[in-house]
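K.L.:
no FASTA, just this:
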């Protein structure tokens, strides 16, 4: 039975209440529910959604070695000193190697220097039906409802999923470092699309000036719809230098967009993409929830392997089962 | 109208014939058709599929800086000297930054040292409805039908998509380098799942012994269903060293699995995953092909932004449109 025809399952109202109060343990528990089973998590997310829209979401991306985690931790500290509630979602794209982190990020995670008042959650790639972007969106919903003033989402900037994740924030920061083989010229104009603020981290290293000059040239060539010229901030995150400037650059951007239609348009675009992500996930859920589908898939996979049927016709046959599933009851019991 | 109800559109039989003959220009042209429009490409892919199953597909993954491209190029040369037809699909996960390659890979691509007899195609992430894995599968179908003896698919090993891509090969090679912060211990047992052959590239650097010791320890702990103990090969790709050993390790693995049920089981698993990928893509296509869906999505995205509706109910409403699209005609015109 597809999700659309489900009655609303029982949910633990106590858990909801404690999440809304911002209780860390309850937040963790609910995130686990949401991650482990979309079916079980969705009723909670529906209910929490009405309490969302208050958090500021900061997306931060940078290649491995850019000091991204350190910068995020320091920025979290900085905001904490302003008495703001901060949550961090660290998206770890390396964990398709199940349980592992090929670049050792997971190990660094365990020793992260955030204070106890900062909520931190690591998201692995594996096992998220419908993709990491969808799963991260669910976790964002939980944290937003839980009353965090700021939610920082960090990703390694490779993979469409990771890029989609940071693009879905209110403001996106791209981190570069001098002399790491990050050829700024090679980024071309495309990166302008996602960077609202550029950070040159490890700026005490030789080559920082060159990176800045190249970046400036690129920025000057780009024309954004919102008229914003992304600023370049220098930081040495390991020494806590440049954090106030980072925060100021973020604030400046938000002042601009808040006063305009652009933030709303950005939100609408993000919600549009998220809706498609969810729809994709739900289709798979509907299909895979039915044991008969698995039998069909096994048969079709064997037939493709034996070249009895082509993969495209097989996929169509699979989808026709979905129609059969959905057809019997008139859909749309929702709003 | 969903793809299942389409009559088979006209296809250019001349193009098919030239692709089957292995004409590079025609192969390129068809890949562009397939990449730009699944609707237009699918009839070709259906027809080509019956000619597939002859190529050996080698998946190679390694982090940026592991010398992956150089190793792939050298391996291609090596096989070319054996008079085998070689195709390379270089999956570039950085290109969501449209047109750009954040780590400069694209630039290296332009100067790749493969000979003119090697077909090479770069795949960008952006714009592949239904994911990069689906799109790469389509390109593999074209190259397989075009008669390449070997197809090497290379990716940077981050992101679920990229991992899915290399896992879908007949044999998968994982590249490591000494002293690059690739903490072998951090990989844990998970990487065993995808590496059939491990390569320590840049093996003339200090630290190669340590990487090998750690890797051996990991391999000795893992128990694969097929009983294979993944070998470790040392290479210095930039000097062409270790290529014969690479090729031998690949051949050894294939001899084992060819003689057993394991290769068939692997194929069936791959086809099962591919079918799901295709089904996901087709659902989106069906939805997005209808202009009315776009209007609905715009309205729903505005309503979510205004918190009038939650994203989960919106996604369900979107999917109920799909049922309406599919319901009128009884589906399943295929095999």
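P.N.:
Arrived safely, thanks for sending. Bear in mind that the values here come from a model prediction, so they are computed numbers and not experimental data.
K.L.:
where do the helices sit along the stretch 101-250 of chain A?
P.N.:
A:105-110, A:132-145, A:160-167, A:184-187, A:208-221, A:243-258 (DSSP state H, counting those that start in this stretch).
K.L.:
so how far is the last one off the chain centroid?
P.N.:
Which is helix A:243-258. Put simply, helix A:243-258 sits 20 Å off its chain's centre (CA atoms, centre = their mean, to the nearest Å).
K.L.:
And for the fifth one?
P.N.:
Computed by CA atoms, centre = their mean, the separation of helix A:208-221 from the middle of its chain amounts to 27 Å.
K.L.:
Going by neighbour count, list what's buried in it.
P.N.:
Applying a neighbour-count criterion of 16 or more other CB atoms under 10 Å in any protein chain shown, one finds A:208, A:211, A:212, A:214, A:215, A:218, A:219 buried in helix A:208-221. Where C-beta positions appear, they are placed from N, C-alpha and C, glycine not excepted.
K.L.:
The longest one too?
P.N.:
The neighbour-count criterion (16+ other CB under 10 Å) identifies A:243, A:245, A:246, A:247, A:249, A:250, A:253, A:254, A:257 as the buried residues of helix A:243-258.
K.L.:
before we move on, what about stretch A:282-302?
P.N.:
Neighbour-count burial for stretch A:282-302 flags A:282-287, A:290, A:293, A:296-297, A:300-302 (criterion: 16+ other CB under 10 Å).
K.L.:
Please apply the same query to stretch A:36-52.
P.N.:
Burial within stretch A:36-52, assessed by neighbour count using 16+ other CB under 10 Å, is assigned to A:38, A:41, A:42, A:43, A:44, A:45, A:46, A:47, A:48, A:49, A:51, A:52.
K.L.:
which residues touch stretch A:246-256?
P.N.:
Residues from elsewhere that reach stretch A:246-256 (CB atoms under 8 Å, 6 or more residues apart in numbering or on different chains): A:56, A:58, A:71, A:75, A:78-79, A:170-171, A:173, A:196-197, A:199, A:226-228, A:230-231, A:233, A:235, A:262-263.
K.L.:
which of the residues you listed are buried?
P.N.:
A:56, A:58, A:71, A:75, A:78-79, A:170-171, A:173, A:196-197, A:199, A:228, A:230-231, A:233, A:235, A:262-263.
K.L.:
residue contacts, the nearest residue to residue A:237 once chain neighbours are set aside?
P.N.:
Sequence neighbours aside, residue A:71 is the residue nearest to residue A:237 in space, at 3.9 Å (criterion: CB to CB, 6 or more residues apart in numbering or on different chains). By CB under 8 Å, 6+ apart, the contact set of residue A:71 is A:60, A:62, A:175, A:199, A:201, A:235, A:237, A:246.
K.L.:
and the two most separated of the buried residues of stretch A:36-52?
P.N.:
Pairwise distances among the buried residues of stretch A:36-52 were taken by CB to CB; the largest, 19.8 Å, belongs to A:38 and A:51.
K.L.:
Mind giving me the packing neighbours of the longest helix along chain A?
P.N.:
Longest helix of chain A, by residue count under DSSP state H: helix A:262-289. Applying 3 or more CB pairs under 8 Å, 6 or more residues apart in numbering or on different chains; DSSP states H and E, one finds that helix A:262-289 contacts helix A:38-49, helix A:132-145, helix A:243-258, helix A:311-326, helix B:262-289, helix B:291-305, helix B:311-326.
K.L.:
Could you find the closest non-adjacent residue to residue A:29?
P.N.:
residue A:15 is the one closest to residue A:29 (CB to CB, 6+ apart), at 6.8 Å.
K.L.:
The one you found sits in which helix or strand?
P.N.:
Assigned by DSSP states H and E, residue A:15 belongs to helix A:13-21.
K.L.:
what's the spacing between the helix or strand just after that helix and its chain's center?
P.N.:
Counting by DSSP H and E, the next helix or strand C-terminal to helix A:13-21 is helix A:24-36. On the basis of CA atoms, centre = their mean, the separation between the geometric centre of helix A:24-36 and that of its chain is 16 Å.
K.L.:
got the angle for helix A:24-36 vs helix A:13-21?
P.N.:
On the basis of axes from the mean of the first three to the mean of the last three CA atoms, to 10 degrees, helix A:24-36 is oriented at 110 degrees to helix A:13-21.
K.L.:
Name the residues that touch helix A:24-36?
P.N.:
With contact meaning CB under 8 Å, 6+ apart, helix A:24-36 is reached by A:15, A:18-19, A:40-41, A:44-45, A:119, A:121, A:123, A:127-128, A:135, A:138-139, A:142-143, A:146.
K.L.:
Can you say which of the residues you listed are buried?
P.N.:
Burial by neighbour count, judged by 16+ other CB under 10 Å, picks out A:15, A:18-19, A:41, A:44-45, A:119, A:121, A:123, A:128, A:135, A:138-139, A:142-143, A:146 from the contacts of helix A:24-36.
K.L.:
what two of the residues you listed are the furthest from one another?
P.N.:
Using CB to CB, the buried ones among the contacts of helix A:24-36 span at most 24.9 Å, a distance reached by A:18 and A:128.
K.L.:
Low-confidence stretches in the stretch 51-200 of chain A?
P.N.:
Applying pLDDT under 70 to the stretch 51-200 of chain A flags the ranges A:64, A:92-114, A:124-131, A:157-162, A:180-193.
K.L.:
What's the local residue count around the nearest residue to residue A:166 once chain neighbours are set aside?
P.N.:
Excluding its sequence neighbours, the residue lying closest to residue A:166 (CB to CB, 6+ apart) is residue A:59, at 3.2 Å. Residue A:59 is flanked by 29 other residues according to other CB atoms under 10 Å in any protein chain shown.
K.L.:
give me the element residue A:59 is part of.
P.N.:
strand A:56-62.
K.L.:
which other helices and strands contact that strand?
P.N.:
On a contact count with 3+ CB pairs under 8 Å, 6+ apart, strand A:56-62 meets helix A:68-81, strand A:150-155, helix A:160-167, strand A:171-176.
K.L.:
Residue B:155: which of those is closest?
P.N.:
Nearest to residue B:155 among the helices and strands packed on strand A:56-62 is helix A:160-167 (12.5 Å), distances taken as CB to CB.
K.L.:
ends of stretch A:121-136, how far apart?
P.N.:
Using CA to CA, to the nearest Å, the end-to-end distance of stretch A:121-136 comes out at 10 Å.
K.L.:
again with stretch A:55-73
P.N.:
In stretch A:55-73, first residue to last residue: 18 Å (CA to CA).
K.L.:
same thing with stretch A:154-163?
P.N.:
Stretch A:154-163: ends 10 Å apart by CA to CA.
K.L.:
cool, stretch A:123-141 as well?
P.N.:
14 Å.
K.L.:
what's the answer for stretch A:30-48, then?
P.N.:
The first residue of stretch A:30-48 is 11 Å away from its last residue (CA to CA).
K.L.:
How much space separates the closest residue to residue A:11 other than its chain neighbours from residue A:33?
P.N.:
Nearest residue to residue A:11 in three dimensions, chain neighbours excluded: residue A:43, at 4.7 Å (CB to CB, 6+ apart). Going from residue A:43 to residue A:33 by CB to CB, to the nearest Å gives 10 Å.
K.L.:
next one: residue A:299
P.N.:
According to CB to CB, residue A:299 and residue A:33 sit 34 Å apart.
K.L.:
Same question for residue A:153.
P.N.:
Applying CB to CB to residue A:153 and residue A:33 gives a distance of 20 Å.
K.L.:
Which one of these two is surrounded by more residues?
P.N.:
A direct count of neighbours by other CB under 10 Å for residue A:153 and residue A:33 places residue A:153 higher, at 27 against 20.
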